[in-house]
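**Q** got a structure for you, letters missing:
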């Protein structure tokens, strides 16, 4: 699924990936483009006008995994996210939550939404966002989340950086 498949979770690496992403130059215009590893085609990120999204961790494939092992995988992914959130809270202060419920319903209805949310939806990244912003780095906004696109898919942790405010979309 992503170029992060098979890598063990490491909080320091995940936080470093977020900081590197935050420092990168963001596109100023253009449609959102998904990027993939040239050799495997696995997703390495998405970039669009004023934002960038990358995978920072991918768990094990859950094909054929059922409760309680499935629940343990979900709990481990949530714990990994909590470690990243804790470290970023120490750096930037308290986070806020941005629910991805509205983007899910907008995608199902074919209703337009901001490019960042559309891109997250296009990759089936519907995990609620944990958001900081504006950060000291050019007033950018940062979000991290974890989710899976279906019951057999691995858990994926993503990070997004945006030049624009990341707030919950109205119903």
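**A** Sure, I can see it. Keep in mind it's a predicted model, so treat the numbers as computed, not measured.
**Q** counting neighbours, what do you get for residue 14?
**A** Applying other C-beta atoms under 10 Å, we find 23 residues neighbouring residue 14. Just so you know, the C-beta spots here come from the backbone N, C-alpha and C atoms, and that holds for glycine as well.
**Q** kindly report the same for the one 4 residues further on.
**A** Residue 18 has 23 neighbours, counted by other C-beta under 10 Å.
**Q** quick one, what contacts it?
**A** 56, 84, 88, 142, 144, 159, 161 (C-beta atoms under 8 Å, 6 or more residues apart in numbering).
**Q** direction included, what does the helix or strand where the first one lies pair up with?
**A** Taking DSSP states H and E as the definition, one finds residue 56 inside strand 51-58. Sheet neighbours of strand 51-58, with direction, are listed as strand 43-48 (antiparallel), strand 156-162 (antiparallel) (DSSP bridges).
**Q** nearest to residue 22, out of these?
**A** Of all the strands paired with strand 51-58, strand 156-162 sits nearest to residue 22, with 5.3 Å by C-beta to C-beta.
**Q** what is the longest helix seen in the chain packed up against?
**A** When the chain is parsed with DSSP state H, its longest helix is helix 69-92. Counting contacts by 3 or more C-beta pairs under 8 Å, 6 or more residues apart in numbering; DSSP states H and E, helix 69-92 packs against helix 11-23, strand 129-132, strand 141-147, strand 156-162.
**Q** now stretch 78-96: buried residues?
**A** If you call a residue buried by 16 or more other C-beta atoms under 10 Å, then stretch 78-96 has these buried ones: 80, 81, 84, 85, 88, 92, 95.
**Q** then stretch 33-44?
**A** Buried residues in stretch 33-44 (16+ other C-beta under 10 Å): 43, 44.
**Q** quick one: terminal-to-terminal distance for that stretch?
**A** End-to-end distance for stretch 33-44, by C-alpha to C-alpha, to the nearest Å: 11 Å.
**Q** name the surrounding residues that touch that stretch.
**A** For stretch 33-44, using C-beta under 8 Å, 6+ apart, the contacting residues are 1-3, 5, 45-48, 54-55, 119, 122-123.
**Q** from the contacts of residue 18, pick the one nearest residue 11.
**A** residue 84 (6.1 Å).
**Q** ok, and the closest non-adjacent residue to the closest one?
**A** residue 14 (5.0 Å; C-beta to C-beta, 6 or more residues apart in numbering).
**Q** with residue 32 instead?
**A** Nearest residue to residue 32 in three dimensions, chain neighbours excluded: residue 48, at 3.3 Å (C-beta to C-beta, 6+ apart).
**Q** in a markdown table: the buried residues of stretch 78-96, plus pLDDT.
**A** Shown next, in a markdown table, are the buried residues of stretch 78-96 (pLDDT from 0 to 100):
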| residue | pLDDT |
| --- | --- |
| 80 | 98 |
| 81 | 98 |
| 84 | 98 |
| 85 | 98 |
| 88 | 98 |
| 92 | 96 |
| 95 | 98 |
